[in-house]
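Engineer: Sequence unavailable; structure follows:
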């Protein structure tokens, strides 16, 4: 089959399955399966695929129709304009998580060359820490995660993005066995309430690790731990930026204000939902 024929076939199947932007998805799927740039699909519509390429395209289409995200098929996701490899132990980074990077950089302002020390709690693919190290050239950072598989991927991503010399990764249950003081602490903890499990899209429920998704019955379980741990590990007047879920701002603020923090800023995502909250420690633990 030619690329043009494959594109028509894949777009038709994705459309029937209710996949948004089926035309673009078909283009991206073909490019990913053929290991080509997206432009190749447009410029070489008469390209005749080999039997091996046909088999791979059929397999990718089958998996995509079962709900597997394209980023999982490709094994890579762009975040903060940087490439990040994924595996079954890592969350697929979302665009709204980039708000945490924006919040940190806004707070730092012109102090980009200062030797900041950053802690990323629940680092996963390492996207938050690595993106910050990419922006802040004199900064060092520690990423911790409970999953060995996630830490292996985070180190690989640090190497891929040329910041491995300034990044350290350690297995830990949040701040367990860690000592402060860090200037900046970031985290995208699990915050989906267990009661909402059945409402999740298949691409999330079946392909993102449960360990990175669910935050107990009310979604705030991990924030209770983080309020205590970040209070211990963050320098006085240091910055903590956390991702939060829908309707969780008041609950998270209450936990952290009680632990000696004040809110500096709250950033909304494109849907107008409070998504990132920046807080500063004002008193010693």
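Structural biologist: Happy to help now that I have it. Bear in mind that the values here come from a model prediction, so they are computed numbers and not experimental data.
Engineer: Just the pLDDT for residue 285.
Structural biologist: For residue 285, the model assigns a pLDDT of 52.
Engineer: Kindly apply the preceding question to residue 152 instead.
Structural biologist: Reported pLDDT for residue 152: 96.
Engineer: burial measure for it, as a count.
Structural biologist: By other CB atoms under 10 Å, 15 other residues sit near residue 152. Bear in mind the C-beta positions are built from the backbone N, C-alpha and C, glycine included.
Engineer: where along the stretch 151-285 of the chain do the helices fall?
Structural biologist: Ranges of helices in the stretch 151-285 of the chain, per DSSP state H, counting those that start in this stretch, are 202-205, 221-233, 249-258.
Engineer: pretty sure residue 105 is in contact with residue 134, am I right?
Structural biologist: No: look at residue 105 against residue 134 with CB atoms under 8 Å: they stay out of range, at 11.1 Å.
Engineer: So between those two, which is more surrounded?
Structural biologist: The neighbour count for residue 105 versus residue 134, taken as other CB under 10 Å, is higher for residue 134 (18 against 14).
Engineer: Verify the stated contact: that one with residue 164.
Structural biologist: No: Residue 134 lies out of contact with residue 164 (CB under 8 Å); the separation is 11.6 Å.
Engineer: just to revisit the earlier point, just the helices of the stretch 151-285 of the chain: most buried one?
Structural biologist: Most buried of these, by mean neighbour count (mean count of other CB atoms under 10 Å): helix 221-233, with a mean of 21.
Engineer: Helix or strand: which one has residue 125?
Structural biologist: Residue 125 is part of no helix or strand when elements are defined by DSSP states H and E.
Engineer: Residue 112 versus the residue lying closest to it once chain neighbours are set aside, what's the distance?
Structural biologist: Among residues not flanking residue 125 along the chain, residue 90 sits closest, at 4.2 Å (CB to CB, 6 or more residues apart in numbering). According to CB to CB, to the nearest Å, residue 90 and residue 112 sit 28 Å apart.
Engineer: Helix, strand, or coil at the closest residue in space to residue 19 that isn't next to it in sequence?
Structural biologist: Spatial nearest neighbour of residue 19, chain neighbours left out: residue 25 (5.7 Å); criterion: CB to CB, 6+ apart. Recorded secondary structure, residue 25: helix (DSSP: H, G, I helix; E, B strand; the rest coil).
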